[in-house]
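Following is a predicted model, sequence given first.
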Amino acid sequence: MNCDWVQENIPLYLYDELADDARHELEGHAERCAECAIELKAMRVLHAEMSGLPQLEVTPNLLASSRMRLAETLETVQQRRGWRWTLDPLALLRQMRFSPTLAAVIFVVGFGGGIGTMYRMSTAMHAGAQSQQEASIAGIRNIVQEPGSNRVRIDYERALPETVQGSVNDPQIQALLVMASRSTANSGLRMDSVDLLRKRPDDPAVRESLVYSLRSDSNPGVRLKAEEALTPMVKQDVRVRNAMLEALLNDNNPGVRAGALTALATVSDDTSVRQALTQLAKEDPNDFIRQESSRVIAQTKSAQ
C-alpha cells in the first residue's frame, strides 16, 4: 500500500465506505507514515465541519444505487489510470528526469516490448476466437451434474446441437453456465446454472452473474439461490452489499427479503444498511421484516 492510494481513499474511510481489510491497512499505514497521518487528521477536521452542516434526508434506495454507481466509476478510473504513461509520454519523460533507475531499464523494456507485443497479439487472437465461439452458441439445452462428482455435462446448440463435458471449475464450463443463468426462456435452466455457479462466488465473473440473478431474475427460486451464494461476500464486496439492500427494500418475495435481511445483519454498522433497517423497523408492512429490523438495530446499538 502506498501513500497515493491512502490519500485517495481517506474520504471513503471517513464515510465508512471501505471494506474492513482496506480500513485496517489504511489505519496501519497512517500510523507509520507521518505525511499520511497529517492528511488523515486534516480530512478528519474537514469531515467534522461538514458533518455539522444541515443534512438532507436520503432514502436507502438512492444511497445504495449511488454507492453502486460510484464503485463502478472508480473501477473505470483505476483501469484508465494504468494507461497514463502510454497515453502521455511526457509524464514518462518527467518521471525519468527524477529517476535514473527508470531510465536505465528503458533498454530492457524496449527489448522485452517485442516479446510482449507478440504475447498480447496471441492473447487478443485467443480472446477473439473465444468471443466468436460464444457468439455462435444458439442456446443451452440441458445441464446435468454427475452424481458424487464435480463433473458437469452441458448440452448446447450451434448450427447443430453440441455437448461439452468437464469440471465445474473449467473456464468453458463456467462461461456456458453464466450464459445459461441469463436464459430468458427456461427458468429451470437458470436454476440449475445458478445452483452450480454458487460454488464459485469468489470468481469475479461468477459473482457478477450471481449479482445479476439476484437483482433481475423473475424466478424467486433463482434469486434465493443467488442470494445464498452471495451472503458470505457481503462484508468484503460493496456491490454485493448494495444488491442485498436492493433485494431487502424492493423484492416482492418475502423469502428473498428475509434472506437479504439475515445477510445484512452481519454489516449492520454500515451507514446505508443501518438507515434502511431504521426505515423498515418503523413502516414495513411485513411483521417479520419490521420486528427483525428492530432487533438487529437494537443489537447493533448494544454492541457499540
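On my side now, so go ahead.

quick one: contacts of the one helix or strand Gly166 maps to?
Per DSSP states H and E, Gly166 falls inside strand 161-167. Applying Cβ atoms under 8 Å, 6 or more residues apart in numbering, the contact partners of strand 161-167 are 141, 150-156, 172-173, 176. Bear in mind the C-beta positions are built from the backbone N, C-alpha and C, glycine included.

how about stretch 295-304: buried residues?
Using 16 or more other Cβ atoms under 10 Å as the test for burial, stretch 295-304 gives 296-297, 300.

So, low pLDDT: which residues of the stretch 1-150 of the chain?
Low-confidence segments of the stretch 1-150 of the chain, defined by pLDDT under 70: 1, 55-138.

change it to 90
Along the stretch 1-150 of the chain, the model assigns pLDDT under 90 to residues 1-28, 30, 32, 34, 42-150.

for the stretch 151-300 of the chain, same thing?
For the stretch 151-300 of the chain, residues meeting the criterion pLDDT under 90 lie at 151-209, 212, 216-219, 235-239, 268-276, 279, 283, 296-300.

just to revisit the earlier point, just checking, which of the buried residues of stretch 295-304 belong to helices?
Residues of the buried residues of stretch 295-304 located in helices (DSSP state H): 296-297, 300.

List the buried residues for stretch 156-174?
156, 166, 168, 170, 173-174.

Quickly check these for the two that are furthest apart.
Taking every pair in these and measuring Cβ to Cβ, the maximum separation is 15.5 Å, between Tyr156 and Val168.

In stretch 228-248, which residues are buried?
228-231, 233-235, 237-248.

One more: stretch 216-227?
Under 16+ other Cβ under 10 Å, the buried positions of stretch 216-227 are 217, 221-227.

Which elements pack onto the host helix or strand of Ala263?
Ala263 belongs to helix 254-264 when assigned by DSSP H and E. Helix 254-264 sits against helix 220-230, helix 238-250, helix 271-283, helix 287-303, with contacts defined as 3 or more Cβ pairs under 8 Å, 6 or more residues apart in numbering; DSSP states H and E.

Select, out of those, the one closest to Ala265.
For the helices and strands packed on helix 254-264, proximity to Ala265 was assessed by Cβ to Cβ; helix 287-303 is nearest, at 4.8 Å.

which secondary structure elements does that closest one contact?
When contacts are defined as 3+ Cβ pairs under 8 Å, 6+ apart, helix 287-303 sits against helix 254-264, helix 271-283.

and those, which is most packed in?
helix 254-264 (a mean of 20; mean count of other Cβ atoms under 10 Å).

Quick one: work out the angle between that one and helix 287-303.
10 degrees (axes from the mean of the first three to the mean of the last three Cα atoms, to 10 degrees).

buried residues in stretch 10-29?
10, 12-14, 17-18, 22, 25-26, 29.
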